[in-house]
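Trainee: Need coordinates for the following:
(chains A and B)
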Amino acid sequence: MKLLDIKNLSVRFGDANAVPVVDGLDLSVDKGEVLAIVGESGSGKSVTMLALMGLIDPPGVVSADNLQFDGTDMLRLKGRQRRRIVGKDLAMIFQDPMTALNPSYTVGFQIEEVLRQHLQLSAKAARRRALQLLERVEIPAAESRLDAYPHQLSGGMSQRVAIAMAIAAEPKLLIADEPTTALDVTIQAQIMELLLDLQREQDMGLVLITHDLAVVAETAQRVCVMYAGQAVEVGVVPGLFDAPAHPYTEALLKAIPEHSLGARRLATLPGIVPGRFDRPHGCLLAPRCPYAQSNCQAQRPTLDPQVRGAVRCFYPLNQEVA
Amino acid sequence: MLSFIARRLGLLIPTFFGVTLLTFALIRMIPGDPVEVMMGERRVDPVMHAEAMERLGLNKPLYAQYLDYIGQLAQGDLGQSLRTRESVWSEFLTLFPATVELALAALLFAGSLGLIAGVVAALKRGSLFDHGVMGISLAGYSMPIFWWGLLLIMFFSVWLGWTPVSGRIDLLYDIQPVTGFMLIDSLLSGEEGAFVDALRHLILPAIVLGTIPLAVIARMTRSAMLEVLREDYVRTARAKGLSPARVVFVHGLRNALIPVLTVFGLQVGALLAGAVLTETIFSWPGIGKWLIESIGARDYPVVQNGILLIACLVILVNFVVDILYGLANPRIRHQR
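Mentor: Sure thing, here's the model as predicted:
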């Protein structure tokens, strides 16, 4: 059984006529697997995971045929039952660590809170465990940091605290929403390494939302490429990198600066993600796609299994090598 | 922290001189003098008038009067009332608890109701309740206190007969002042029904005095809460699987309280100003009524020193609020 199994997930803000922000998404993660979700800003990566966590507020509406995590359909759960899973078996780390921690409480308090909520630890035991967690995420002078307030920590340090909070109850699946985007380049690698260490150590599933394809290539086993709320390609690493099947994936890979070494300009994909008023009738990428044919403008392709993985395109690339 | 306190105390000195100068000048700008007022409607005999003025030291040039006043203050002497011959300090001490009792009751009313209304309005943003609370609080804020007080007296006291019209307690009860707080003294007296009676006397004035702070606190709490609920750390708290109540109160309200607390402190000054009107309307024997009467009688020492004492009080309260603010907000506490 898969750890996470999402079938046909849609998230809309407004009534049924509103343009979906996430549109019929299928996604799965196995126990101990690292899945990367990549895509431009506004492609629905974060919203997908917020929907899983139950953090979409009205007027947002979440619907799915199946939103199964660890054998439970998260959509059918009432608030209290859901809160028994969220924060315990299913935890999340957010993009900006400087704002993700509550400025009014000490680091210790915020970690202990999780331990007391989900593991029913006593105050003393929670504090001891919180100290271990801070040491585990490699925070120097952990003992004194327990009583520090978030504003006394650097960005990288705050993200370590956020990670400690997320892994406190030993989750089965950890969602990291661009965990390094807000950090200095020098810190980014350290944080990624820490996350992967923890993932291996606890055999967690890890969903890594990111812009950074280099990170994906080094860390993920599978990749889901999202565009305008849809999965356009799902594939394994490194196959997807060697031979992308979807024109959008290809464009993303070309846009990596290192691939443009020696060129006068960086490769780009002209245009932007369609908004709510200019959503094409056909393939959502058609207006920007260099390979688009006439039927691409008229019909919308489905996500179909291909030689490797699955692709949402009438004319998938790199299919000749079997 | 010590340097912070020292700096704040240093600010006291210019404020102190400003207040003395202002009250000294303002009370003398009002036409009429204490002797004239005492004589009342009768024609003032110029000889008697001059004699009385000389006795009171009011015939000297203004600068000399001011220097006398400051010299007196420097010796810690607040002077005597021209009307009662009582010392200003002892009159203040007798009347002050009544004002404090009223102000505390008003703050309790405004604080508890304002916080609850503000939080609920923020949680149910855009709902009928939200619009209702915001509309009512705007009306409450804009309402002249004296008119609002008279309106409530008309409705609850005269029409419905639920509450007494004025005073702190019914004349039937003979309550010995122990603490000066009628609610406590009436309990200590052991007289049956005295406490309830004191409470009934307190309700309307407290509501009238608390209305503006209530409106301010409710609006402030709502907007602070709306801001805080959008913060990332509230999302983090929800992602921890905490209960909605814990998210709202522990993670939300705690942070929203920081700006509200500042407003709370500023309201104390407004509260004492409001007390002047409220006490007059309800014949509440406190500092406000005392000052109004003293201004009417041109009782210079009482007006000057009464206002000075109140100014010191407001400064003191704001000082305490600043310290509380540091306690509520770790980001300030650690700025050294």
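Trainee: CA atoms for contacts and neighbours, from now on please.
Mentor: OK.
Trainee: what comes up buried for stretch A:36-50?
Mentor: Judged by neighbour count using 16 or more other Cα atoms under 10 Å in any protein chain shown, the buried positions of stretch A:36-50 are A:36-40, A:42-50.
Trainee: Now do the SS call for A:Asp26.
Mentor: Secondary structure, DSSP: H, G, I helix; E, B strand; the rest coil: A:Asp26 is strand.
Trainee: circling back to that earlier point, which one among the buried residues of stretch A:36-50 gets closest to chain B?
Mentor: Comparing the buried residues of stretch A:36-50 against chain B with Cα to the nearest Cα picks out A:Leu50 as the nearest, at 9.0 Å.
Trainee: didn't the closest one look like it was pressed against A:Val61?
Mentor: No: checked against Cα atoms under 8 Å, the pair A:Leu50 and A:Val61 is beyond contact range at 11.7 Å.
Trainee: separation between B:Ala239 and A:Pro171?
Mentor: Taking Cα to Cα, to the nearest Å as the measure, B:Ala239 falls 12 Å from A:Pro171.
Trainee: does chain A sit close to the lowest-mean-pLDDT helix or strand in chain B?
Mentor: Among the helices and strands of chain B, helix B:330-333 carries the lowest confidence by mean pLDDT, DSSP states H and E, at a mean of 72. Yes: using Cα under 8 Å from any Cα of the partner chain, helix B:330-333 reaches chain A at B:Pro330, B:Arg331.
Trainee: Same question for that helix: list its buried residues.
Mentor: So helix B:330-333, judged by 16+ other Cα under 10 Å, has buried residues B:Pro330.
Trainee: So what touches that helix?
Mentor: A:Pro103, A:Ser104, A:Tyr149, A:His151, B:Tyr325, B:Gly326, B:Leu327 (Cα atoms under 8 Å, 6 or more residues apart in numbering or on different chains).
Trainee: can you check stretch B:174-185 too?
Mentor: Stretch B:174-185 is contacted by residues B:Thr94, B:Leu95, B:Pro97, B:Ala98, B:Glu101, B:Arg168, B:Ile169, B:Ser186, B:Ser189, B:Phe195, B:Ala198, B:Leu199 when judged by Cα under 8 Å, 6+ apart.
Trainee: Turn these into JSON lines, columns for pLDDT and neighbour count.
Mentor: Listed next are these as JSON lines, based on pLDDT from 0 to 100; neighbours: other Cα atoms under 10 Å in any protein chain shown:
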{"residue": "B:Thr94", "pLDDT": "89", "neighbour count": "16"}
{"residue": "B:Leu95", "pLDDT": "90", "neighbour count": "18"}
{"residue": "B:Pro97", "pLDDT": "90", "neighbour count": "18"}
{"residue": "B:Ala98", "pLDDT": "90", "neighbour count": "22"}
{"residue": "B:Glu101", "pLDDT": "90", "neighbour count": "19"}
{"residue": "B:Arg168", "pLDDT": "82", "neighbour count": "24"}
{"residue": "B:Ile169", "pLDDT": "81", "neighbour count": "23"}
{"residue": "B:Ser186", "pLDDT": "82", "neighbour count": "26"}
{"residue": "B:Ser189", "pLDDT": "80", "neighbour count": "16"}
{"residue": "B:Phe195", "pLDDT": "86", "neighbour count": "20"}
{"residue": "B:Ala198", "pLDDT": "87", "neighbour count": "23"}
{"residue": "B:Leu199", "pLDDT": "89", "neighbour count": "17"}
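Trainee: Which members of these occur in helices, if any?
Mentor: If you go by DSSP state H, these have B:Thr94, B:Leu95, B:Pro97, B:Ala98, B:Glu101, B:Ser186, B:Ser189, B:Phe195, B:Ala198, B:Leu199 in helices.
Trainee: what sits up against stretch A:260-269?
Mentor: In contact with stretch A:260-269 (Cα under 8 Å, 6+ apart) are residues A:Ala251, A:Leu252, A:Lys254, A:Ala255, A:Ile256, A:Pro257, A:Arg288.
Trainee: one more time with 7 Å, if that's ok
Mentor: Stretch A:260-269 is touched from outside by A:Ala251, A:Lys254, A:Ala255, A:Pro257, with contacts defined as Cα atoms under 7 Å, 6 or more residues apart in numbering or on different chains.
Trainee: Could you do stretch B:274-282 as well?
Mentor: B:Phe146, B:Gly149, B:Val165, B:Ser166, B:Gly167, B:Pro205, B:Val208, B:Leu209, B:Pro285, B:Gly286, B:Gly288, B:Lys289.
Trainee: what's residue 103 in contact with, if anything?
Mentor: Using chain A here. So A:Pro103 contacts A:Tyr149, A:Pro150, A:His151 (Cα under 7 Å, 6+ apart).
Trainee: The chain in question should be chain B.
Mentor: Counted by Cα under 7 Å, 6+ apart, B:Ala103 has contacts B:Leu271.
Trainee: change it to 10 Å
Mentor: Each residue near B:Ala103 by Cα atoms under 10 Å, 6 or more residues apart in numbering or on different chains is listed here: B:Pro97, B:Phe109, B:Pro205, B:Ala206, B:Leu209, B:Gly210, B:Val268, B:Leu271, B:Leu272, B:Gly274, B:Ala275.
Trainee: just checking, which of those belong to helices?
Mentor: B:Pro97, B:Phe109, B:Pro205, B:Ala206, B:Leu209, B:Gly210, B:Val268, B:Leu271, B:Leu272, B:Gly274, B:Ala275.
Trainee: Quote the end-to-end distance of stretch A:260-272.
Mentor: Stretch A:260-272: ends 21 Å apart by Cα to Cα.
Trainee: Sort out which residues of that stretch are buried, please.
Mentor: Residues of stretch A:260-272 classed as buried under the neighbour-count rule (16+ other Cα under 10 Å) are A:Ala267.
Trainee: next one: stretch B:260-269
Mentor: Neighbour-count burial for stretch B:260-269 flags B:Val260, B:Leu261, B:Val263, B:Phe264, B:Gly265, B:Leu266, B:Gln267, B:Val268, B:Gly269 (criterion: 16+ other Cα under 10 Å).
Trainee: burial count for the residue lying closest to A:Ser43 once chain neighbours are set aside?
Mentor: Distance criterion Cα to Cα, 6 or more residues apart in numbering or on different chains; nearest residue to A:Ser43, sequence neighbours excluded, is A:Ala228 at 4.3 Å. Residues near A:Ala228, counting by other Cα atoms under 10 Å in any protein chain shown, number 25.
Trainee: Go ahead and confirm A:Ala228 touches A:Ala286.
Mentor: No: A:Ala228 lies out of contact with A:Ala286 (Cα atoms under 10 Å); the separation is 11.9 Å.
Trainee: Could you tell me which residues within stretch A:144-162 count as buried?
Mentor: A:145-146, A:148-152, A:155-162.
Trainee: Over to stretch A:60-77?
Mentor: Buried residues in stretch A:60-77 (16+ other Cα under 10 Å): A:61-64, A:66-70, A:72-75.
Trainee: If we check chain B, which of those residues are in contact?
Mentor: Filtering the buried residues of stretch A:60-77 for proximity to chain B by Cα under 10 Å from any Cα of the partner chain leaves nothing.
Trainee: just to revisit the earlier point, which of the contacts of A:Pro103 come close to chain B?
Mentor: Filtering the contacts of A:Pro103 for proximity to chain B by Cα under 10 Å from any Cα leaves A:Tyr149, A:Pro150, A:His151.
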